[in-house]
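Visitor: Got a predicted structure plus its sequence, pasted below:
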Amino acid sequence: PFMMHKKGDSVVLGIGGELKNTFCLAAKDLYYPSPYIGDLSDIRSVQALKEAIERMEELLEMRAELIVCDMHPAYQSRQLAYELGRPVLECQHHYAHILSCMAEHQIDQEVIGISFDGTGYGLDGTIWGGEFFICDTHTFKRVGSLEPFEQVGGDLSSKEGWRNAVSILDKEDWQGLDLCSQEQAELILQCKAMKINTVTSTSAGRYFDAVSAILGLRKVNTCEAEASMVLQFAAESYQGKALDVPISMQEADFFILPMKALCTFLAQAKKSGEDIARLAYTFHVVLAHWICEGALQASRQTQSKMVVLSGGVMQNVLLLKLCKEELEAQGFTVLTHKLSSSNDGGIGLGQAYYGMENIRRTKVPAKVKKVKDGMAVVDATGAITTVSSELIEDLEPGDYVMVHAGAAIAKINGDDQSEEQSLMEELL
């Protein structure tokens, strides 16, 4: 197990993610990661997860008081968390990535968290995957991201990088790259225009797939992350200097990395005959530089000079090396994964850390936004989360409640003029 410097007085289960699932059971100062469970798309894997939780609780002679799960409404891990019949606290996917690295390094102070991966459910209902946070163990603020694009084709878009390339580039830029047939491209563009099977995404993983397709390396993944790995290997094979790219980030309170312009630059350079390995290396160099620029912009909103790098994309050793070197040169302390996984196999640890750090906090006031099937969506001082509403009868949108350990535990009626009511109205 991981041994923490702070000892809690509760038992918390971080139930893990949907892919590469592992869970983590935390008690006092010990965090017990589970064996690898796997992807939960198969019902047998979900059953294996349930049985493994039961076995570990029995073996360690403990029972979780709180379960922390992902926010994605379609995740089997989230559904199982609620089926287990205990209080549930939801933790945003990329925030859990950052927390897992913080837990490994026993950090509870504010940090700049940079989480790059393939997919995760965002608070705005879009797909996140290239995120910049200012966060601690209690909350996070999203301060920047990769440039959003329309991801067309559902799950196929994570396997067929050419789809993302067509969606990202303008017609004059993708033509001549031999990404797909004219009919396929027109279908993608029609779906994009009509929002059919299309989601807005900031996924770093899908940008890597798109660039791999643009450069003619891999248009389709035959195994997970194949296109991205081939792109990395091509970049590592280049021994020269990266191209100068005349594109810069704009400063803003919420900054955007201009990925579409970078993809267009690479497409045009490829069609003009530039060396493919050099273009792959240029992509890594520019992206790493922009990540560091993002950290600098984020640092103006916080006193912290500590950066946490996490997410599956940070398994790319070239990108990680480039980021770490430039960040340290700028005076940042950089934390990366050493013992836990930076991909989804590590988020159970982050979830357990979040639960342990928050289960005994002072009760939080919240305003109810939606109520359905024993659950309530609440606004807790700006953080939208889902909690159990089973302890309160006749709960309706607009009511004020006190939230504790993943449950709405008390309702304050409009007729009640107590100090708690006044405090909630002031905060909300």
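Guide: Looks like it came in fine.

Visitor: how much space between the nearest residue to Asp275 once chain neighbours are set aside and Ala280?
Guide: Spatial nearest neighbour of Asp275, chain neighbours left out: Tyr238 (7.4 Å); criterion: C-beta to C-beta, 6 or more residues apart in numbering. Every residue, glycine included, has its C-beta placed from N, CA and C. Per C-beta to C-beta, to the nearest Å, Tyr238 is found 7 Å from Ala280.

Visitor: Looking at the two, which is more packed in?
Guide: Using other C-beta atoms under 10 Å as the criterion, Tyr238 and Ala280 rank with Ala280 on top: 26 against 17.

Visitor: Just list what the strand or helix carrying the more buried one packs against, helices and strands only.
Guide: Assessed by DSSP states H and E, Ala280 sits inside helix 276-299. The elements that helix 276-299 packs onto, with contact taken as 3 or more C-beta pairs under 8 Å, 6 or more residues apart in numbering; DSSP states H and E, are strand 111-121, strand 127-135, strand 140-146, helix 226-237, strand 255-257, helix 259-271, helix 317-329.

Visitor: Let's see stretch 254-268 as PDB, backbone CA atoms only.
Guide: What follows is stretch 254-268 as a C-alpha-only set of coordinates in PDB (Å, rounded to 0.1, in the frame of the first residue of the first chain):
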ATOM      1  CA  PHE A 254      -8.800  31.100 -19.600                       C
ATOM      2  CA  PHE A 255      -6.200  30.400 -22.300                       C
ATOM      3  CA  ILE A 256      -6.500  28.100 -25.300                       C
ATOM      4  CA  LEU A 257      -3.600  26.200 -27.000                       C
ATOM      5  CA  PRO A 258      -4.100  26.900 -30.800                       C
ATOM      6  CA  MET A 259      -4.000  23.300 -31.900                       C
ATOM      7  CA  LYS A 260      -6.000  23.700 -35.100                       C
ATOM      8  CA  ALA A 261      -3.500  26.200 -36.500                       C
ATOM      9  CA  LEU A 262      -0.700  23.800 -35.600                       C
ATOM     10  CA  CYS A 263      -2.400  20.900 -37.400                       C
ATOM     11  CA  THR A 264      -2.900  23.200 -40.400                       C
ATOM     12  CA  PHE A 265       0.800  24.100 -40.400                       C
ATOM     13  CA  LEU A 266       1.800  20.500 -40.300                       C
ATOM     14  CA  ALA A 267      -0.600  19.500 -43.100                       C
ATOM     15  CA  GLN A 268       0.800  22.300 -45.400                       C
END
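
Visitor: Can you give me the buried ones in that stretch?
Guide: 255-260, 262-267 (16 or more other C-beta atoms under 10 Å).

Visitor: swap in stretch 223-234?
Guide: Across stretch 223-234, burial judged by 16+ other C-beta under 10 Å covers 224-232, 234.

Visitor: And stretch 47-66, by the same measure?
Guide: For stretch 47-66, a neighbour-count test (16+ other C-beta under 10 Å) marks 48-49, 52-53, 56-57, 62, 64-66 as buried.
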